[in-house]
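Enquirer: After the sequence you'll find the predicted model.
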Amino acid sequence: MVAYVPTERNTEIVIHLSKFRLELKRRIAPNEWHTIKKYWIAPGAVGTPTPKGSYEVHAKSATPDWADSYGVVHKYGSKGNPLYGGFISIFPERGIGIHGTTFPALVGRRASHGCIRMTKRGIRDIYDRVPIGTRVYVR
């Protein structure tokens, strides 16, 4: 029997918008995936939905700054920055990614402007597990 050697393409994220769930998956054989863990999320609100599709992790920041709709940049940790615990960019053209939130009570509801919000614990748990290039499926 040949041992299966994992690579960075052997991790994927599947986001189920209607279930408010993010699944972190690991390939355990060439055509077999195992769900490592499931997390509650807050996808886009009705007026600003999270776009469905296939993406990949383009960039990551453990201490992300955030620019509001007026172009004002709020440094990580400042009162005006809602990003918390890290940011994983999946759709850079629209500024959409997976990130922690300073409003954990909204996780489990449609609350974002298109991003996938997670608890601080959730984003920190997946941050180091998903390398650049990881595939992300939003359904």
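Expert: Structure's in. What do you need? Bear in mind that the values here come from a model prediction, so they are computed numbers and not experimental data.
Enquirer: Which of the helices and strands in this protein ranks last by mean pLDDT?
Expert: Taking mean pLDDT, DSSP states H and E as the measure, the chain has strand 66-67 as its least confident helix or strand, at a mean of 90.
Enquirer: Which helix or strand lies directly C-terminal to it?
Expert: strand 73-74 (DSSP states H and E).
Enquirer: Residues contacting that following strand, please?
Expert: The contact list for strand 73-74 (CB atoms under 8 Å, 6 or more residues apart in numbering) reads 65-68, 80-81. To be clear about C-beta, it is placed using only N, CA and C from the backbone, and glycine gets the same treatment.
Enquirer: swap the cut-off to 6 Å and go again
Expert: 65-67, 80-81 (CB atoms under 6 Å, 6 or more residues apart in numbering).
Enquirer: now stretch 36-53
Expert: 17, 20-24, 26, 106-114, 116-118, 122, 138.
Enquirer: Tell me what the residue nearest the centre of the chain is bridged to.
Expert: Nearest residue to the geometric centre of the chain (CA atoms, centre = their mean): Ile98, 2.5 Å. Note on Ile98: beta-bridge partners Ile88, Ile116, judged by DSSP bridges.
Enquirer: That one against Gly86, yeah?
Expert: No: with contacts counted by CB atoms under 6 Å, Ile98 stays clear of Gly86, the gap being 8.5 Å.
Enquirer: Report the separation between Tyr70 and Thr119.
Expert: Separation of Tyr70 from Thr119 (CB to CB, to the nearest Å): 28 Å.
Enquirer: Run a quick neighbour tally on the nearest residue to Ile15 once chain neighbours are set aside.
Expert: Leaving aside its chain neighbours, Ile15 sits nearest to Val138 (4.6 Å; criterion: CB to CB, 6 or more residues apart in numbering). Look at Val138: counted by other CB atoms under 10 Å, it has 21 neighbours.
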